[in-house]
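Asker: coords please:
(one chain, ligands or ions: 1)
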Amino acid sequence: MGNDDRIYCYEALSLIEDALADGYRSRAPVPEFADQAEPAPAPEAAPVPARVPLDDSLAAVAAEAARCMACRLGAGRKRSVPGQGPARPLVMVIGEGPGSEEDKTGLPFVGPAGQLLDKMLSSIGLSRDESCFIGNIVKCRPPLNRDPAPDEQAACRPFLDRQLALLRPRAILAVGRIPAQSLLGVKDGIGRLRGRVYDFGGLPLVATYHPSALLRDEGLKRPAWEDLKLLRSLLDGLGA
Ligand code: SF4
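Answerer: The predicted model follows:
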């Protein structure tokens, strides 16, 4: 790794460390960076996102989600949260489901976790304004922020598949255990699922910790940073 690469990595790391420290950090000596291990081989491909009619649109998905009652979550929502971002993103970031603030605003990843997610994306040159569409496995808030049940995830999956087909991102970043398990169809914890590139029906998928987990446990910031670097490196490899 050359000096320029080291400086780039260090500055990016500082950004995410700033985020995790929730404040400004003064410059520190450039740390030693070990060579990155090769990503583990990808497991078997996941189902390919469904093709959608030519007249489908993100607006149609949002409108249908707003009146959807296909699962019990529809009865408790204030607003559905279909997602946010550019129509041709590099990356679709997929979380678990809306929380209280998201339910009020109709926007994904607002509040401290959302601010940290924005800083994490910024540290690798991405943003929800220009390069990332932010969505969730379920579009309506689970009560008391519980995990969305498997039948709720399944009921909402057609919306996500339509979004993926419409957005055609170059990669997926699954943030948290639920989206990683749901998309990959496995039951492993996020600690086992992170750190490698999966083939999600032809799309590369990287899983990492949810920013809320990073806010609770600073020890997770290093592996999360490794995951972000992995995503950046695969985007670079795609010329994105
Ligand atoms: S979570 Fe999804 S499937 Fe359930 S009511 Fe909301 S939009 Fe419909």
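Asker: which residues touch the residue nearest the centre of the chain?
Answerer: Note on the chain: the residue nearest the mean C-alpha position is Val93, at 2.9 Å, using Cα atoms, centre = their mean. Going by Cβ atoms under 8 Å, 6 or more residues apart in numbering, Val93 touches Phe109, Leu117, Leu121, Arg128, Cys132, Phe133, Ile134, Gly135, Ile172, Leu173, Val175. Where C-beta positions appear, they are placed from N, C-alpha and C, glycine not excepted.
Asker: which ones among those also lie next to the ligand?
Answerer: Residues of those in contact with the ligand (Cβ under 6 Å from any ligand atom): none.
Asker: what's the closest of those to the ligand?
Answerer: Gly135 (11.4 Å; Cβ to the nearest ligand atom).
Asker: tell me the bridge partners for the closest one.
Answerer: Beta-bridge pairing for Gly135 (DSSP bridges): Ile94.
Asker: isn't it right up against Glu102?
Answerer: No. With contact defined as Cβ atoms under 8 Å, Gly135 does not count as touching Glu102 (11.2 Å).
Asker: what is in contact with the two at once?
Answerer: Contacts common to Gly135 and Glu102, judged by Cβ under 8 Å, 6+ apart, are Pro108.
Asker: which parts of the chain sit against the ligand?
Answerer: 65, 68-71, 73-74, 80, 138-140, 152, 155-156.
Asker: the contacts of Val93 in strands, which ones?
Answerer: Cys132, Phe133, Ile134, Gly135, Ile172, Leu173, Val175 (DSSP state E).
Asker: how far off centre is the helix or strand encompassing Leu215?
Answerer: Secondary structure from DSSP states H and E places Leu215 in helix 211-216. Remark: helix 211-216 is offset 14 Å from the chain centroid, using Cα atoms, centre = their mean, to the nearest Å.
Asker: next secondary structure after it?
Answerer: helix 221-237.
Asker: what angle do that next one and strand 171-175 make?
Answerer: 170 degrees (axes from the mean of the first three to the mean of the last three Cα atoms, to 10 degrees).
Asker: shaky segments in the chain?
Answerer: 1-52 (pLDDT under 70).
Asker: now Asp151: closest residue in space, sequence neighbours ignored.
Answerer: Cys71 (6.6 Å; Cβ to Cβ, 6 or more residues apart in numbering).
Asker: give me the buried positions along the helix or strand hosting Cys156.
Answerer: Using DSSP H and E, Cys156 sits within helix 150-167. Using 16 or more other Cβ atoms under 10 Å as the test for burial, helix 150-167 gives 152-153, 155-157, 159-164, 166-167.
Asker: what does that helix contact?
Answerer: 49-52, 56-58, 61, 64-65, 68, 70-73, 82-83, 87-89, 92, 94, 133, 135, 137-140, 142, 148, 172, 178, 182, 203.
Asker: among those, name the buried ones.
Answerer: 49, 52, 58, 61, 64-65, 68, 70-71, 73, 82-83, 89, 92, 94, 133, 135, 137-140, 142, 148, 172, 178, 182, 203.
Asker: those in strands, which ones?
Answerer: Met92, Ile94, Phe133, Gly135, Ile172, Leu203.
Asker: what is the most widely separated pair among these?
Answerer: Spatially, the most separated pair among those is Gly135 and Leu203, at 13.8 Å (Cβ to Cβ).
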